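Trainee: Provided below for reference: sequence and predicted model.
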Amino acid sequence: MGLGMHLGAWRYREGAAADYLDPRYYTEIARIAEDAKLHAIFLADTLALSEEHLRRPNLGALDPVVVLATLASVTSKIGLVATMSTTFNEPYNLARRFASLDHLSGGRVGWNVVTTFVPDVAANFGSANLPAHDDRYRRAGEFVEVVAALWDSWAEDALIGDKESDRFADPALVRPIDHAGAHFAVRGPLTVPRSPQRRPVIFQAGASEDGRNLAARTADVVFTVQNTLEAAREFRADLRARAPRREVKVLPGVVPIIGATREDALRRKEELDRLAGDEELRKLALRVGVPVDALDPDRPLPLELVRANTDFNASHGFRAAAVRLTEEEGVTVRELLYRNGGGHLQIVGTAADVADTLAHWFTCGAADGFNLMIDVLPDGLTRFTEGVLPLLRARGLFHDDYPGATLRANLGLTQGAR
């Protein structure tokens, strides 16, 4: 996440503002995470400057697949998950890139499927307007179908490699997919054999009706935006009801801001907020679809304006999470920003406070795990791995070592896909 999830992270942390371009920065994060036995490094992607407007490093400025390819050579166990859009890519190229990385990493790769909700991205790809929400999801469904077929276009035993008989591969076991659909015509097959996981793990991030249906059909893991326990439980139950024949892992995003004491954590949060200026407010306005001057920090979110924006074409999940917290608890915009870190559950407190919250959500059936949105990198990650993980391990809620060799195995997913 750039130099940290919090919008003030780049000013708060030690190190240069350009560290997010330095491979040593990513290597340090990867080694901290792998030493702690975290399941994966999960990189965002950004295809326009419109959310940051050059006021801070983009959360996904570098191509995530390129970054993770660099990290594949300096790690051996941790998963490598890259976000890539189905709206602004082509299935064949994407399938090839992820299969390549899965081979080079020994089966540790995941693809986070997104449809892109930032309107300004369209202009970078030759279109004046972002496609409508429903159209993006129809394209995404076919996109994932094509990619999965390409990953399966080599049979398990297609690569023979017999030098004596001069048989490299069996042509009968490498087949075109001959896909012809509403959005794509792809002959196939892929240029590379089936990867170590058969298919890289598919992550998906979408909370709208279309997003949930796509997740139920295609995803192994769903990264979701839920900031109340009950909303998270409802989301997980709903998703499992939509995919009754297989287990889909649900990972809410969480922003831990950790201090030695609660007062120390609050000081860290307040200093980060001060350094961010009005950026959190601006981002909230974008995410709910209202002008920034319509947000009074000491009043609740203006729900009538939010609902009046019937042309809203961005993330339905982020908006729904903010609206629900406002409806259920009547929080002010200031309180919403305090609890809703970039749209996700934010926990400001000690390592024990964070561990208690994660354990409670997990044991209550609200989550199968969490996507950690670290406030400041790498310091916030170290605070989590050294402070929170030992407490979770003591409760039997986190493993001591990686149980398998692939990301799919370490997540407890079946080998191969659906």
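Mentor: Alright, I've got the coordinates.
Trainee: Show me what the top strand by length along the chain is packed against.
Mentor: As assigned by DSSP state E, the longest strand anywhere in the chain is strand 249-258. Where contact means 3 or more Cβ pairs under 8 Å, 6 or more residues apart in numbering; DSSP states H and E, strand 249-258 is packed against strand 221-224, helix 229-242, helix 262-276, strand 344-349, helix 351-363, strand 371-372, helix 379-383. In short, each C-beta sits where N, CA and C put it, glycine included.
Trainee: which stretches of the protein form strands?
Mentor: 40-43, 79-85, 109-114, 159-162, 167-169, 179-180, 185-186, 201-204, 221-224, 249-258, 340-341, 344-349, 371-372.
Trainee: tell me what the last one is packed against?
Mentor: Contact partners of strand 371-372 among helices and strands, from 3+ Cβ pairs under 8 Å, 6+ apart: strand 249-258.
Trainee: The strand it packs on pairs with which strands, parallel or anti?
Mentor: The sheet places strand 249-258 alongside strand 221-224 (parallel), strand 344-349 (parallel), strand 371-372 (parallel), with pairing taken from DSSP bridges.
Trainee: Report the contact partners of the closest residue to Phe370 other than its chain neighbours.
Mentor: Closest residue to Phe370 apart from its sequence neighbours, by Cβ to Cβ, 6 or more residues apart in numbering: Val254 at 4.8 Å. Listed by Cβ atoms under 8 Å, 6 or more residues apart in numbering, the contact set of Val254 reads 344-347, 357-358, 370-373.
Trainee: out of those residues, which one sits closest to Leu21?
Mentor: Each of the contacts of Val254 was scored against Leu21 by Cβ to Cβ, and Met373 proved nearest at 20.7 Å.
Trainee: circling back to that earlier point, now render the helices and strands packed on strand 249-258 as TSV, adding mean neighbour count.
Mentor: Shown next, in TSV, are these (neighbours: other Cβ atoms under 10 Å):
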stretch	mean neighbour count
strand 221-224	27
helix 229-242	17
helix 262-276	16
strand 344-349	22
helix 351-363	18
strand 371-372	22
helix 379-383	21
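Trainee: I'd like these laid out as TSV, including mean pLDDT and distance to Phe98.
Mentor: Listed next are the helices and strands packed on strand 249-258 as TSV, based on pLDDT from 0 to 100; distance: least, Cβ to Cβ, whole Å:
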stretch	mean pLDDT	distance to Phe98
strand 221-224	95	15
helix 229-242	93	23
helix 262-276	94	34
strand 344-349	92	25
helix 351-363	98	29
strand 371-372	96	19
helix 379-383	98	25
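Trainee: Name the single longest helix found in this structure.
Mentor: In terms of residue count, the longest helix belonging to the chain (DSSP state H) is helix 133-151.
Trainee: so that one versus strand 109-114, what angle?
Mentor: 160 degrees (axes from the mean of the first three to the mean of the last three Cα atoms, to 10 degrees).
Trainee: Need the mean per-residue confidence for helix 133-151.
Mentor: For helix 133-151, mean pLDDT is 96.
Trainee: mind listing what Gly330 touches?
Mentor: By Cβ under 8 Å, 6+ apart, Gly330 lies in contact with Pro300.
Trainee: lowest-confidence helix or strand of this structure?
Mentor: strand 340-341 (a mean of 63; mean pLDDT, DSSP states H and E).
Trainee: quick revisit: what comes up buried for the longest helix of the chain?
Mentor: 133, 136-151 (16 or more other Cβ atoms under 10 Å).
Trainee: what stretches of the stretch 251-400 of the chain score poorly on pLDDT?
Mentor: 313-314, 340-343 (pLDDT under 70).
Trainee: Let's see that with 90 instead.
Mentor: Where the stretch 251-400 of the chain drops to pLDDT under 90, the residues are 276-293, 296-298, 300-301, 304-331, 333-344.
Trainee: how near is Ala205 to Glu270?
Mentor: The gap separating Ala205 from Glu270 is 29 Å, by Cβ to Cβ, to the nearest Å.
Trainee: before we move on, what about Arg246?
Mentor: 44 Å.
Trainee: And for Ala215?
Mentor: With distances taken as Cβ to Cβ, Ala215 is found 36 Å from Glu270.
Trainee: now Leu358
Mentor: Using Cβ to Cβ, we find Leu358 at a distance of 23 Å from Glu270.
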